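>>> Next come a sequence and a model predicted from it.
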Amino acid sequence: RAVRYRYRSSCSHPSVDPSEAASPPPGMYKLEIELKRGHNLAIRDRGGSSDPYVKFKLAGKEVFRSKTIHKNLNPVWDEKTTLIVDSLSEPLYVKVFDYDFGLQDDFMGSAFLYLESLEQQRTIPLTLVLKDPQLPNEDLGSLELAVTLTPKSSPMEEPRDTAVCTHILCQIRSMSLSARDFFCNVRHLIN
Ligand SMILES: [Ca+2]
């Protein structure tokens with residue numbers, strides 16, 4: 001069968017042409033973030049405190065949300081997350097909210113972390129001063145973080161793996177095989 005032949009011929013090559021990968025290759029950087037704590041955060045509850053939590057957004061998409069720390073304007077999170085970043089031109093958008101049971105959470109300030117300006121392959125302690133774009137003079141305290149930005153060690157390695165996997169999946173999908181044929185083909189791929 002033509003499909004199987006093509007399949008085998010591509011597998012007989014030691015490597016698959018990386019140009020088969022979707023371009024541009026995604027996930028070129030790893031951004032490790034340690035959200036340490038907040039200092040002098042804004043009061044949003046009537047009791048004179050807040051229940052702060054932190055959101056990280058990349059390209060408009062929420063990529064991390066911290067735990068909520070109740071009734072504390074100097075919360076300690078000590079949470080870590082690792083994000084895969086495609087492009088350094090998109091800043092990390094950091095937003096703090098006051099959790100309110102049964103109500104819409106109140107905004108407590110935000111900051112941008114510009115990835116282009118970060119020194120790479122080193123853990124950098126950072127203080128992000130929180131601002132409300134509507135009230136730029138209001139003091140909303142700050143967040144303490146540590147960030148480590150690392151380029152993927154071998155940028156072509158992962159996209160190539162992805163390309164191979166995508167290729168295999170496409171091939172499997174394009175074939176209508178009995179179970180026996182399917183496993184035969186899988187064995188060819190492994191070899
Ligand atoms: Ca609250």
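Cool, got the structure. All values reported here derive from a predicted model rather than from experimental measurement. Residues are numbered from 1 along each chain as shown.
>>> Please make it C-alpha for all contacts and neighbour counts, starting now.
Will do.
>>> Could you count how many residues lie near whatever residue of the chain ends up closest to the ion?
Here the chain gets closest to the ion at one residue, Asp100, 4.0 Å apart by CA to the ion. Asp100 has 15 neighbours, counted by other CA atoms under 10 Å.
>>> any idea which helix or strand carries it?
Counting by DSSP states H and E, no helix or strand carries Asp100.
>>> you'd agree it is up against His70?
No. Counting by CA atoms under 8 Å, Asp100 does not reach His70; the two are 10.0 Å apart.
>>> where do the contact lists of the two overlap?
Residues touching both Asp100 and His70 (CA atoms under 8 Å, 6 or more residues apart in numbering) are Asp51.
>>> Kindly report the residues of the chain close to the ion.
Counting by CA under 5 Å from the ion, the residues of the chain close to the ion are 50-51, 98-100.
>>> Name only those of the residues you listed that count as buried.
The neighbour count (16 or more other CA atoms under 10 Å) marks 50-51, 98-99 as buried among the residues of the chain next to the ion.
>>> Helices - which of these land there?
Taking DSSP state H, every one of these sits outside helices.
>>> Name the nearest of these relative to Leu113.
When those are ranked by distance to Leu113 (CA to CA), Asp98 comes first, at 20.8 Å.
>>> which ones are touching that closest one?
So Asp98 contacts 44, 50-53, 105-108 (CA under 8 Å, 6+ apart).
>>> Out of these, name the ones that lie in strands.
Judged by DSSP state E, the contacts of Asp98 include 52-53, 106-108 as members of strands.
>>> what about Phe101, how many neighbours?
A count of neighbours around Phe101, defined by other CA under 10 Å, yields 8.
>>> Tell me the spacing between it and Ser66.
Distance of Phe101 to Ser66, given as CA to CA, to the nearest Å: 17 Å.
>>> for Leu140, same thing?
Distance of Leu140 to Ser66, computed by CA to CA: 18 Å.
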